[in-house]
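# sequence first, then the predicted structure, then my questions.
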Amino acid sequence: MRIAVVGGGPGGLYFALLAARDIPGAEIDVFERNAPDDTFGFGVVFSDSTLDSFEATDRPSYEAIRDNFAYWDDIEVHFKGTVHRIGGNGFCGCSRVSLLAILHERCRQLGVRLHFRREIESLDALSDYHLVVAADGVNSRFRETFRDHFRPEVDLRPNRFAWMGSTRPLDAFTFFFRETPWGLFIAHCYQYEKGRSTWVLETDPETFARAGLEGKSEEESARFLEGVFADELGGHRLLTNRSHWRRFPMIRCRTWVRDRLVLIGDAKGTAHFSIGSGTKLAMEDAIALHDALLRHPDIPAALAAFDQERREEVEKTQHAADVSLVWFEHVRRYWHMTPVQFCFGLMSRAKAVTYDNLRLRDASFVDLVDRDAAEKARALGFDVPDPPPPPMFLPFRLREMVLDNRVVVSPMCMYSAEDGVPNDWHLVHLGSRAIGGAGLVYTEMTDVAPEARISPGCTGLWNDAQERAWKRIVDFCHAHSRARICLQLGHAGRKGATRRMWEGIDEPLAEGAWPILSASPLPYYPHSQVPREMTREDMDRVIAQFVEATQRAARAGFDMVELHCAHGYLLASFISPLTNRRTDGYGGSLNNRLRFPLEVFEAMRAVWPEERPMSVRISATDWAPGGLEEDEAVEVARAFVAAGCDLIDVSTGQTVPWQKPKYGRMFQVPFADRIRNEIGCATMAVGNITTADQVNTIVAAGRADLVALARPHLSDPYFTLRAAAFYGWQGVQWPVQYAPGADQLYRTLAREREELTQLRLAARPKSHRPVERR
């Protein structure tokens, strides 16, 4: 087998040496356009986990890397005159020059032919090779030559950054955040060998422009930044090596393989430097490609397997990197936070680090996080014990409604009512979750009129029978728990007159359908009923229906009311440009599209008791071209807050059936985070949040004030009580009837938590810190 590797960076070299070692008779050539001792940048960084992989894959090169790296365990954060160190992280830095020299030597030992100062102009120049590995970097010539095949998507991010070095020694991976008259500057720094450290300097485009850095030379930029970070550099200089200001390109390709050509490393996709992943990804690509070639009998099968099997891990890393880079792009959003909360947000920004696993790394820092969160609650007048509980168990207040904790049972349609009347099913469903310990329990979307229902099984609140039935449920929850209960009111609009979920969600009724309304006469599916475009008379009638339902909710004893303006239902259909094609004063601009939803909210607020809070659920994005986007969602939230809304319940999508959501853990939390920290209002996060650990992470980082969980509460009504037992927190109310079960659960989960902790510690990557020789 003849293999050509184009690009002599770490990824290409690592693949070459592995293939030479394990593929009998392989002839391998590496073509590099630069000289062997040319390199750009300064150091590279690897985690303990990555070093584990290197050790298992090729021990000689691992040992050479280990003998040349600088190791550290801590991350140090400098913010507003404070310094916090968080231990237990395990990283090493290595000079890029040293890493390349190590890989060059290992390649030569294994018979790889290295060709320097060789530019490969086209694939035709490599026609004698059975396999061509394009490891030619972010500006890959091969990717661009066959752009129509690889179909790359490139998102050039706004922040400016420059790679520099320094002689300043560091004993931790260090973040410096510096506020200047021009704006904020960030330095990502780590030592990679004795007397040398990498400094990645980053700033937003507005600060970059105000500081006059456009067009500055490397030396001029370095001298300017030495002034910005004079205290941090402590008299040391910044060093340059092609340290031009750049913007980071987020690159993804639909496929990585074309016949005998395969892309690896930055050629196939990038991951932001803030999680230290570029060289790591490239070398792990090399391992995966090598493994695929060994497992499969021919090159096409091996390349297909590599493209399919490696993609999930790469996309997970890219997603984490994307979330991380957005955090740094919007660091001003978090500037108001206390230093401890800011540091915790920094540590947990990419979702890989959470409240629980950070406690395994550095329990003392998480104790600081708990105390910091407790101080915020005390500042609101709450009596919080010392030591405080985990953040999810801190109380919260909206107007005069006080919640015992931050856990919310999300609204979930049961499709089990008869003529809109909630029954015993709803009593058991909501009652069991109330006594299960959640601070706030939401009803399902409850409709304001018969024609406002999603399905024949939806609950309503337009008559006395429904009001009595709801009062029975509210009274039970209040009598047997400390949970507060919120009624979510809505109107299905064009998504009405459809089947129950298990009969075909959003599918139109085959018979018994009722006429439906919407902002514009657009059916949800092509085969759905076409709604009638609302007239002013329709609007007045619907407002009156919401007002009457709100008054009934007050009499039934609900603690809070939420207006549903999301998921493509009636009010959401006015807000989204995808569903609002009106040409009158209720269509066109966002202000116009908000007019009717705001009219409904203001009419409800006028009749709802002043001391009781109101919330609004919004879709922060439609996940579809031409739809509502995040920037507009902020303005939607701002408008409702100005009208008297106390809490924004931040969901997304479900506006149109061709949406393409970016699913993942806690995938909607960034939208709640932005609204909370830009507007300064209370928010509730929802969406694939499944564990108490995630709840604690969200609350402690200040990404939302309340956290709603849906499916976890379907499988475990006692989610909150179980979480309290797991953390050993006794400050939750158990029904007296369940006291013996509580005692047993606390004992059982204390043992399970200790066992789980030991398992997690055992599963952690081993430390690769060099052993000191006496």
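Arrived safely, thanks for sending. Numbering: from 1, shown residues only.

# now the lengthiest helix in the chain: mean pLDDT?
Taking DSSP state H as the criterion, the chain has its longest helix at helix 299-329. Helix 299-329 carries an average pLDDT of 94.

# so which bits of it are buried?
299, 302-303, 305-307, 310-311, 314, 317-329 (16 or more other CB atoms under 10 Å). The C-beta positions use only the backbone N, C-alpha and C, and glycine is treated the same way.

# quick one: the strands in the stretch 651-774 of the chain?
For the stretch 651-774 of the chain, applying DSSP state E, counting those that start in this stretch gives strands covering 682-686, 706-709.

# wait, doesn't residue 302 sit right on residue 293?
Yes. Counting by CB atoms under 8 Å, residue 302 touches residue 293, with 4.6 Å between them.

# residue 695: what's it in contact with?
Applying CB atoms under 8 Å, 6 or more residues apart in numbering, we find residue 695 in contact with 392, 406, 407, 689, 707, 709, 723.

# how about these, which pair is most distant?
689 and 723 (12.5 Å; CB to CB).

# relative to helix 299-329, how tilted is the longest strand seen in the chain?
Longest strand in the chain, counting residues (DSSP state E): strand 152-166. On the basis of axes from the mean of the first three to the mean of the last three CA atoms, to 10 degrees, strand 152-166 is oriented at 60 degrees to helix 299-329.

# direction included, what does whichever helix or strand comes after strand 152-166 pair up with?
Counting by DSSP states H and E, the next helix or strand C-terminal to strand 152-166 is strand 173-179. According to DSSP bridges, strand 173-179 forms sheet pairs with strand 75-79 (parallel), strand 184-193 (antiparallel).

# for strand 173-179, buried residues please.
173, 174, 175, 176, 177, 178.

# quick check: mean pLDDT of that strand?
Here the average pLDDT along strand 173-179 is 97.

# which residues touch that strand?
45, 72, 74-80, 89, 91, 184-190, 228-229, 232, 331, 335, 346.

# which of those are buried, as a PyMOL select command?
Restricted to buried positions by 16+ other CB under 10 Å, the PyMOL selection for these reads:
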select buried, resi 45+72+74+75+76+77+78+79+89+91+184+185+186+187+188+189+190+228+229+232+331+346
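
# got a pLDDT number for the spatially closest residue to residue 644 that is not a sequence neighbour?
Closest residue in space to residue 644, ignoring its immediate chain neighbours: residue 605 at 4.7 Å, by CB to CB, 6 or more residues apart in numbering. At residue 605, the pLDDT value in this model is 98.

# show me what contacts residue 605?
Residue 605 neighbours (CB under 8 Å, 6+ apart): 614, 643, 644.

# repeat that for 10 Å
Counting by CB atoms under 10 Å, 6 or more residues apart in numbering, residue 605 touches 550, 561, 563, 614, 640, 643, 644, 645, 646.

# now go through these and say which are in helices.
550, 640.

# turn the contacts of residue 605 into a markdown table, including neighbour count.
Output for the contacts of residue 605, formatted as a markdown table (neighbours: other CB atoms under 10 Å):
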| residue | neighbour count |
| --- | --- |
| 550 | 25 |
| 561 | 25 |
| 563 | 25 |
| 614 | 23 |
| 640 | 26 |
| 643 | 16 |
| 644 | 15 |
| 645 | 24 |
| 646 | 19 |
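
# and the contacts of residue 605, which is closest to residue 163?
Checking the contacts of residue 605 one by one against residue 163 (CB to CB), the nearest turns out to be residue 640, at 43.7 Å.

# you'd agree that closest one is up against residue 563?
Yes. Look at residue 640 against residue 563 with CB atoms under 10 Å: they come within range, at 8.3 Å.

# shared neighbours, those two?
597, 601, 605, 614, 615, 616, 618.

# give me phi/psi at the first one?
So the one you mean is residue 597. phi -50, psi -40 (degrees, to the nearest 10).

# okay, it and residue 639: tell me how far apart.
For residue 597, the distance to residue 639 (CB to CB, to the nearest Å) stands at 9 Å.

# neighbour count for these two, which is higher?
residue 597 (25 against 19; other CB atoms under 10 Å).

# any idea how far that one lies from residue 459?
21 Å.
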